[in-house]
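S.K.: below are the sequence and a predicted model; questions follow.
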Amino acid sequence: MTQAQTHRPPAWSADDELRSRPPGDSSMYIPASFAETDSAKLHEFMRKHSFATLISLNEIGIVAGHLPLLFQASAGRMGSLIGHMARANPQWCEVRGEVMAVFTGPHAYISPSWYATAGTVPTWNYAAVHAYGTFHVVDDRESLLDILRRTVEHYESPQQEPWTIDETAPSLDQLMRGITGFRIEITRLEGKWKLSQNHPEERRRRVIKALEERPDEDSQAIAAMMREA
């Protein structure tokens, strides 16, 4: 074996990169021009787009679920998320380490033909928030019922005749035995507003105009966010 072979460094692995990241380092690829750090905007985004993807790790591996998560600003140093899932769902069992909730908003395809500039390529504009935190199971009856009350009140409040939980119903306890509540204490937030900020103003105006001419709600919403930015 040669001297060079003797001192060859070990093969790289993803774990090595994770270990080398400083605490609080971004886990989502966010170029500086796309970073959104205003906590008020991030909180409002999570409230508005509350149907999220929850990603966690347990004994069966990486697990993802799609469910409503309600943000509570006053619970914990950075706020908390509350929700519930079916007790038969293994995602809540023996959660290991940090969990991540992904909140996604409007998104739209951006055609290079709108730029009126040679050498450009297609892309996609969107906004997203990643919330990381510690997962806590909520299994006592009163705390679980409080999560259900808050969830129902949040989504029923816009209705003309809001539905409410009948807490005297004999079937309520049976229904509650079929679900598990949880709370996620948020430890860090990441926001990415990819809205063509890396392009000149004239080009951005062309994109806004093209999006406003499209009939779908996402294109209209992205155009509005671009104007605001």
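M.R.: On my side now, so go ahead.
S.K.: ok, and what's touching stretch 45-53?
M.R.: 64-71, 81, 101-105, 127, 129, 131, 154, 191 (C-beta atoms under 8 Å, 6 or more residues apart in numbering). (Glycine included, C-beta is placed from N, CA and C.)
S.K.: please state the offset of it from the chain centre?
M.R.: 7 Å (C-alpha atoms, centre = their mean, to the nearest Å).
S.K.: cool, and stretch 59-74?
M.R.: 9 Å.
S.K.: for stretch 179-191, same thing?
M.R.: 10 Å.
S.K.: what is the mean pLDDT for that stretch?
M.R.: The predicted model assigns stretch 179-191 a mean pLDDT of 98.
S.K.: now do stretch 120-137
M.R.: Mean predicted confidence for stretch 120-137 is 97.
S.K.: same thing with stretch 150-163?
M.R.: 97.
S.K.: and that stretch, end to end?
M.R.: Chord length of stretch 150-163, first to last residue, is 12 Å (C-alpha to C-alpha, to the nearest Å).
S.K.: tell me the buried residues in the helix or strand where A101 lies?
M.R.: Assigned by DSSP states H and E, A101 belongs to strand 99-110. By 16 or more other C-beta atoms under 10 Å, the buried positions in strand 99-110 come out as V99, M100, A101, V102, F103, G105, P106, A108, I110.
S.K.: for the third one, list each beta-bridge partner.
M.R.: Read that as A101. Taking DSSP bridges, one obtains L54, A131 as the residues bridged to A101.
S.K.: wait, it touches R183, no?
M.R.: No - A101 lies out of contact with R183 (C-beta atoms under 8 Å); the separation is 11.9 Å.
S.K.: quickly list what's touching both of the two.
M.R.: L81.
S.K.: for V95, see how far away E142 is.
M.R.: Going from E142 to V95 by C-beta to C-beta, to the nearest Å gives 23 Å.
S.K.: who has more neighbours out of the two?
M.R.: Per other C-beta atoms under 10 Å, whichever of E142 and V95 has more neighbours is V95, with 19 against 7.
S.K.: just read off the phi/psi values of the more buried one.
M.R.: phi -70, psi 130 (degrees, to the nearest 10).
S.K.: please, which helix or strand holds the closest residue to it other than its chain neighbours?
M.R.: Spatially, and ignoring its direct neighbours in sequence, V95 is nearest to F135 (4.4 Å; C-beta to C-beta, 6 or more residues apart in numbering). Secondary structure assignment for F135, by DSSP H and E: strand 123-138.
S.K.: and the contacts of stretch 45-53, which are buried?
M.R.: 65, 67, 69-71, 81, 101-103, 105, 127, 129, 131, 191.
S.K.: list the buried residues for stretch 88-101?
M.R.: In stretch 88-101, counting by 16+ other C-beta under 10 Å, buried: Q91, W92, V95, E98, V99, M100, A101.
S.K.: thinking again about what came up before, so what's the residue count around the residue nearest to V95?
M.R.: 20.
S.K.: quick check, it in contact with G181.
M.R.: No - F135 is beyond contact range of G181, at 11.4 Å (criterion: C-beta under 8 Å).
S.K.: can you tell me the element M225 falls in?
M.R.: helix 217-228.
S.K.: what of D173?
M.R.: Using DSSP H and E, D173 falls in helix 172-176.
S.K.: for the helix or strand that comes right after that helix, packing partners?
M.R.: Downstream of helix 172-176, the next assigned helix or strand under DSSP H and E is strand 179-194. When contacts are defined as 3 or more C-beta pairs under 8 Å, 6 or more residues apart in numbering; DSSP states H and E, strand 179-194 packs onto helix 39-48, strand 80-86, strand 123-138, helix 141-156.
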